[in-house]
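S.K.: sequence and computational prediction follow.
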Number of protein chains: 2
Amino acid sequence: MNRVYFLTGNVNKVKEASVILREYGIKVMKLSGIKKLEIQADSLEEIALTAARLVKNIVENPVIIEDDGIFIEALNGFPGPYSAYVYKKIGLPGILKLLTGIENRKAYFKSVIAYVDPRGNIELFTGVVYGVISYSIRGVRGFGYDPIFIPEGFSRTFAELTIREKCKISHRARALNKFAKWFKNR
Amino acid sequence: MNRVYFLTGNVNKVKEASVILREYGIKVMKLSGIKKLEIQADSLEEIALTAARLVKNIVENPVIIEDDGIFIEALNGFPGPYSAYVYKKIGLPGILKLLTGIENRKAYFKSVIAYVDPRGNIELFTGVVYGVISYSIRGVRGFGYDPIFIPEGFSRTFAELTIREKCKISHRARALNKFAKWFKNR
């Protein structure tokens, strides 16, 4: 079985990636002992690429690095690449407060995966899921912004879907599927 | 006259630093041609230090790098190190909206200056100014969060002060004064 190492501090992400990549016969391990560098930039691609470049000469196994964020149209794409920080500081109630009285609830989740192979090559894979921000916090599954994001074609939030349902349509799933198909055929 | 090069993309910061450091006989030049690396971290010190470490082996002149942010108590320190990004995305109206109905308006501005000398030594200097967030946007001077920050002991916002008044009490002025005194006596 192929193995890839996931450089992340977020065990939820490792769990989601495992569910998805298992289908392709790829085993996901959490890469420990080195730290992911996260720069401040408006683009997830730039953040993932910079992190990948920093480790590309030191890793001995295939590594994936992921960066994601939720981009809310009425807030000019806020919180975007800083979604994790904003979540920690103002939380979902803060986001709903910022959207008070605003009818445009359009938002999308985006994920960028940087793959670094032991020879130092880097490949990027992206995934996006469109949807709307709910008017209240709903559901207990998932993590982060899941309880306020309703994906297109659904009436439930990500946090009201099962992990299997979410893994079929999520931004990260889409990026991981692209990666897995490429990885199996490289 | 002594010269230091300021590694920043913000010309307003260069202007403020020039006013302050001129008093010490230090001339400030904008360092161009290299980019400031800004990592994502909760501490301004860590951000400034990482940026300084990256350039310390390549600069040929004394360089200062500054990182600052406004920390709002009722928002758990938000927007903190991400102040510039948050300003660009949700602006001052967004901050005032988040504080709607909240009586605790306490906030502080903090500045961290990293000084890198041509031999590769790094020194950090910090400055803080306490105050409160106003209930409306007031004043046209300064930049960023100045129109909603009322420093302790004043009834006007930073944007209602003259640049000379602001330069006496601002977080950046305090950090720069500490740096200048150290620099003249080193």
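M.R.: That came through fine.
S.K.: please enumerate the strands of chain A.
M.R.: Ranges of strands within chain A are A:2-7, A:26-30, A:63-72, A:79-80, A:106-116, A:122-133, A:149-151, based on DSSP state E.
S.K.: pull out the buried residues from the helix ranked longest in chain A.
M.R.: Longest among the helix segments of chain A by residue count, using DSSP state H, is helix A:171-185. For helix A:171-185, the neighbour count (16 or more other C-beta atoms under 10 Å in any protein chain shown) marks A:His171, A:Arg172, A:Ala173, A:Arg174, A:Ala175, A:Leu176, A:Asn177, A:Lys178, A:Phe179, A:Ala180, A:Phe183 as buried. (Each C-beta comes from the backbone N, C-alpha and C, glycine too.)
S.K.: go ahead and confirm the second one touches A:Ile64.
M.R.: Think A:Arg172. No - using C-beta atoms under 8 Å as the test, A:Arg172 is too far from A:Ile64 to be in contact (10.8 Å).
S.K.: returning to what we had before: in a markdown table, list the strands of chain A along with distance to chain B and mean pLDDT.
M.R.: Listed next are the strands of chain A as a markdown table, based on distance: least, C-beta to the nearest C-beta, whole Å; pLDDT from 0 to 100:
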| stretch | distance to chain B | mean pLDDT |
| --- | --- | --- |
| strand A:2-7 | 15 | 94 |
| strand A:26-30 | 20 | 95 |
| strand A:63-72 | 9 | 96 |
| strand A:79-80 | 7 | 98 |
| strand A:106-116 | 13 | 97 |
| strand A:122-133 | 14 | 97 |
| strand A:149-151 | 18 | 98 |
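S.K.: can you tell me which of those strands is packed in deepest?
M.R.: strand A:63-72 (a mean of 26; mean count of other C-beta atoms under 10 Å in any protein chain shown).
S.K.: what distance do you get for the nearest residue to A:Thr100 once chain neighbours are set aside to A:Gly101?
M.R.: Using C-beta to C-beta, 6 or more residues apart in numbering or on different chains and skipping the chain neighbours, the partner closest in space to A:Thr100 is B:Lys97 (7.2 Å). Distance, B:Lys97 to A:Gly101, using C-beta to C-beta, to the nearest Å: 9 Å.
S.K.: who's more crowded, these two?
M.R.: B:Lys97 (16 against 5; other C-beta atoms under 10 Å in any protein chain shown).
S.K.: for B:Ile137, see how far away that one is.
M.R.: 12 Å.
S.K.: can you check A:Gly77 too?
M.R.: For A:Gly77 relative to B:Ile137 (C-beta to C-beta), the value is 22 Å.
S.K.: in this structure A:Tyr87 contacts A:Phe78, no?
M.R.: No - counting by C-beta under 8 Å, A:Phe78 is not a contact partner of A:Tyr87; they are 11.9 Å apart.
S.K.: more crowded one of the two?
M.R.: A:Phe78 (23 against 17).
S.K.: quick one: mean pLDDT for stretch A:167-185?
M.R.: Averaging pLDDT along stretch A:167-185 gives 94.
S.K.: alpha carbons only: can I get that stretch in PDB?
M.R.: The C-alpha trace of stretch A:167-185 is given here as PDB (Å, rounded to 0.1, in the frame of the first residue of the first chain):
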ATOM      1  CA  CYS A 167     -16.300  13.400   2.100                       C
ATOM      2  CA  LYS A 168     -18.200  13.000  -1.200                       C
ATOM      3  CA  ILE A 169     -18.500  16.700  -1.900                       C
ATOM      4  CA  SER A 170     -16.200  18.700   0.300                       C
ATOM      5  CA  HIS A 171     -13.500  21.000  -1.100                       C
ATOM      6  CA  ARG A 172     -10.800  18.900   0.600                       C
ATOM      7  CA  ALA A 173     -12.300  15.700  -0.800                       C
ATOM      8  CA  ARG A 174     -12.300  17.200  -4.300                       C
ATOM      9  CA  ALA A 175      -8.600  18.300  -4.000                       C
ATOM     10  CA  LEU A 176      -7.700  14.900  -2.500                       C
ATOM     11  CA  ASN A 177      -9.500  13.000  -5.300                       C
ATOM     12  CA  LYS A 178      -7.600  15.000  -7.900                       C
ATOM     13  CA  PHE A 179      -4.300  14.300  -6.100                       C
ATOM     14  CA  ALA A 180      -5.100  10.600  -5.700                       C
ATOM     15  CA  LYS A 181      -5.900  10.100  -9.400                       C
ATOM     16  CA  TRP A 182      -2.700  11.800 -10.400                       C
ATOM     17  CA  PHE A 183      -0.700  10.000  -7.700                       C
ATOM     18  CA  LYS A 184      -1.900   6.500  -8.900                       C
ATOM     19  CA  ASN A 185      -1.100   7.300 -12.500                       C
END
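S.K.: list of residues touching it?
M.R.: Surrounding stretch A:167-185, the residues in contact under the criterion C-beta atoms under 8 Å, 6 or more residues apart in numbering or on different chains are A:2, A:4, A:13, A:16-17, A:19-21, A:23-26, A:62, A:64, A:66, A:68, A:108-113, A:115, A:123, A:125-129, A:151, A:158, A:166.
S.K.: my guess is A:Lys110 contacts A:Phe71, does it?
M.R.: Yes - A:Lys110 is in contact with A:Phe71 according to C-beta under 8 Å; the separation is 6.4 Å.
S.K.: how many neighbours does the closest residue to A:Val132 other than its chain neighbours have?
M.R.: The shortest distance from A:Val132 to any non-neighbouring residue, by C-beta to C-beta, 6+ apart, is to A:Arg105 (4.1 Å). Using other C-beta under 10 Å, the number of residues around A:Arg105 comes to 17.
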